[in-house]
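Novice: okay, here's the prediction I keep looking at, along with the sequence it came from:
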Amino acid sequence: MVTFVTTNPGKVREARDYLDDPVEQVDLDYPEVQADDLATVAAAGARAAYRELGEPLVVDDSGLTIDAFDGFPGPYSSFVEGTLGIERVWELAEREDNRDAAFRTVVAYCDGQPFEASPEPVDTERRGQDLAAGERGEATTDAQVNADEGIPVKLFEGIVPGTIVAPRGDGGFGYDPIFEYDGRTFAELATDEKNAVSHRGRALARFAEWYAEADR
């Protein structure tokens with residue numbers, strides 16, 4: 001069984017699409033660190049949750065990174081959306097020559113045991129457009145997040161590259177109306193189309209592949 005520590009049942013449903021083992025949701029109010037990269041936030045959350053529950057678990061952290069803003073808002077995406085709104089984010093990005101961006105998710109797994117190095121953050125079987133996302137900022141490595149902490153964490157990153165555009169579409173949520181992927185914004189995609197390219201789905205797929213083969 002996999003314990004997914006989250007308040008969002010939608011994440012659990014998505015995880016069940018990728019994992020053969022049962023997935024249980026645990027709503028735990030663990031402290032969330034303030035950091036400039038998603039991997040550090042997710043890793044710290046996994047450690048905090050493991051200290052509380054003492055069982056194998058996953059947490060995740062997601063965000064929108066904009067190249068012209070040096071990866072901002074990243075871990076602060078929810079705060080920025082609620083404070084500025086997506087139209088203001090578009091207005092700021094509109095002034096830039098480079099409007100490249102990416103949706104990213106980092107899934108962090110912790111069971112208290114050491115791990116071998118995580119797989120590369122970019123799946124080599126992705127299309128060329130997606131491979132370019134790896135050049136816009138690599139995932140924080142296991143060694144970096146584990147250097148000063150006593151509890152090892154395994155990281156899996158999912159990336160969807162895109163472009164910031166003027167708001168379009170009536171679907172989705174959050175930054176979806178200003179994030180264009182392959183000619184359409186996420187808000188213009190049907191739910192199944194969006195799920196097929198989901199950054200969380202990509203991270204979960206990589207985790208599921210490792211988890212199925214891991215010696216646990």
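Specialist: Yep, it's here. Numbering: from 1, shown residues only.

Novice: wouldn't residue 98 be in contact with residue 68 here?
Specialist: Yes: using Cβ atoms under 8 Å, residue 98 is in contact with residue 68, at 4.9 Å. Bear in mind the C-beta positions are built from the backbone N, C-alpha and C, glycine included.

Novice: who has more neighbours out of the two?
Specialist: Legend: neighbour count by other Cβ atoms under 10 Å for residue 98 and residue 68, higher for residue 68 (16 against 12).

Novice: where does this protein have its least confident helix or strand?
Specialist: Of all helical and strand segments in the chain, the minimum by mean pLDDT, DSSP states H and E falls on helix 128-131, at a mean of 33.

Novice: any idea how far the nearest residue to residue 171 once chain neighbours are set aside is from residue 158?
Specialist: Once flanking residues are discounted, residue 171 sits nearest to residue 187: 4.9 Å by Cβ to Cβ, 6 or more residues apart in numbering. Note on residue 187: its distance to residue 158, by Cβ to Cβ, to the nearest Å, is 19 Å.

Novice: what about the two, which has more around it?
Specialist: The neighbour comparison of residue 187 against residue 158 (other Cβ under 10 Å) goes to residue 158, with 28 against 21.

Novice: help me confirm that the more buried one is found in a strand?
Specialist: Yes: assessed with DSSP: H, G, I helix; E, B strand; the rest coil, residue 158 lies in a strand.

Novice: what residues does it make contact with?
Specialist: By Cβ atoms under 8 Å, 6 or more residues apart in numbering, residue 158 lies in contact with 104-107, 198-206.

Novice: and those, which of them are buried?
Specialist: Those of those that meet the buried threshold are 104-107, 198-206, by 16 or more other Cβ atoms under 10 Å.

Novice: turn those into TSV, columns for distance to residue 183 and secondary structure.
Specialist: Compiled in TSV, the buried ones among the contacts of residue 158 are given as follows (distance: Cβ to Cβ, whole Å; DSSP: H, G, I helix; E, B strand; the rest coil):
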residue	distance to residue 183	secondary structure
104	21	strand
105	22	strand
106	27	strand
107	28	strand
198	17	coil
199	18	helix
200	22	helix
201	20	helix
202	19	helix
203	24	helix
204	25	helix
205	23	helix
206	26	helix
